[in-house]
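A.B. asks: could you work out the structure for the sequence below:
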Amino acid sequence: MTEKKISPSQKALKVRARAKAKKPKFVRAESWRYARFSLSWRKPRGLDNKIRRKILGWPPGPSMGYKGPKIARYLHPSGYREVMVNNVADLLPIDPSTQAARISHTVGKRKRADIIAKAKELNVKILNIKITAETEEKEAEEEADAEVAEEKVKKEEKKPKKTKKEEKKAPKAKAKAKKEKKKQ
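C.D. replies: Coordinates of the predicted model:
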């Protein structure tokens, strides 16, 4: 009986999820006492602060012990390691099996469309893909170009090769066809 082998990144993601489940929700000191304090975490800095001093009975504060596994850090939930991409050249060193691209937010529509097209060519996953009109147009153009190229190849294969005599007669036949069209 064969079992599915789990990739190291998937295993690390599971360990990270288990560690995250054990981690408490860190709250700001005395936020439960005063309405003016929000629950969002702020580092305690006071001399007598009980959370900073880790006094028993007070809520825990963030510490090194709550970290996830080292191999799971900076992994996207999909299991890929993120790589920031600003142009098409940045896609070339990406390993599609372990890395995924994240297009920088400063990239414009036209360059974004180029990056998406190249990523599809290289089988690179894009984490923040946005399908825009430009992207769809670019894909449609590429598909049309591919179809035209296939048709040309098919036509060239079907055409019988002309002899030298037929090549000499071809211009005369074209001229006759033009004269007939003008008469009509």
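A.B. asks: look at the residue most central in space within the chain and report its pLDDT.
C.D. replies: Central residue of the chain (C-alpha atoms, centre = their mean): Ile126, 0.8 Å from the mean position. In the predicted model, Ile126 carries a pLDDT score of 95.
A.B. asks: so who does it touch?
C.D. replies: Taking C-beta atoms under 8 Å, 6 or more residues apart in numbering, we find Ile126 in contact with 100-103, 115-116, 119. Glycine gets a C-beta too; all of them are placed from N, C-alpha and C.
A.B. asks: what is the nearest of the residues you listed to Pro62?
C.D. replies: Arg102 (26.1 Å; C-beta to C-beta).
A.B. asks: ok, that closest one - how many residues close by?
C.D. replies: 16 (other C-beta atoms under 10 Å).
A.B. asks: ok so it is a helix residue?
C.D. replies: No. Going by DSSP: H, G, I helix; E, B strand; the rest coil, the assignment for Arg102 is strand, not a helix.
A.B. asks: sorry, back to before: output the contacts of Ile126 as a markdown table; include the columns pLDDT and distance to Ser9.
C.D. replies: Compiled in a markdown table, these are given as follows (pLDDT from 0 to 100; distance: C-beta to C-beta, whole Å):
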| residue | pLDDT | distance to Ser9 |
| --- | --- | --- |
| Ala100 | 95 | 11 |
| Ala101 | 96 | 16 |
| Arg102 | 96 | 16 |
| Ile103 | 96 | 22 |
| Ile115 | 95 | 24 |
| Ile116 | 93 | 24 |
| Ala119 | 95 | 20 |
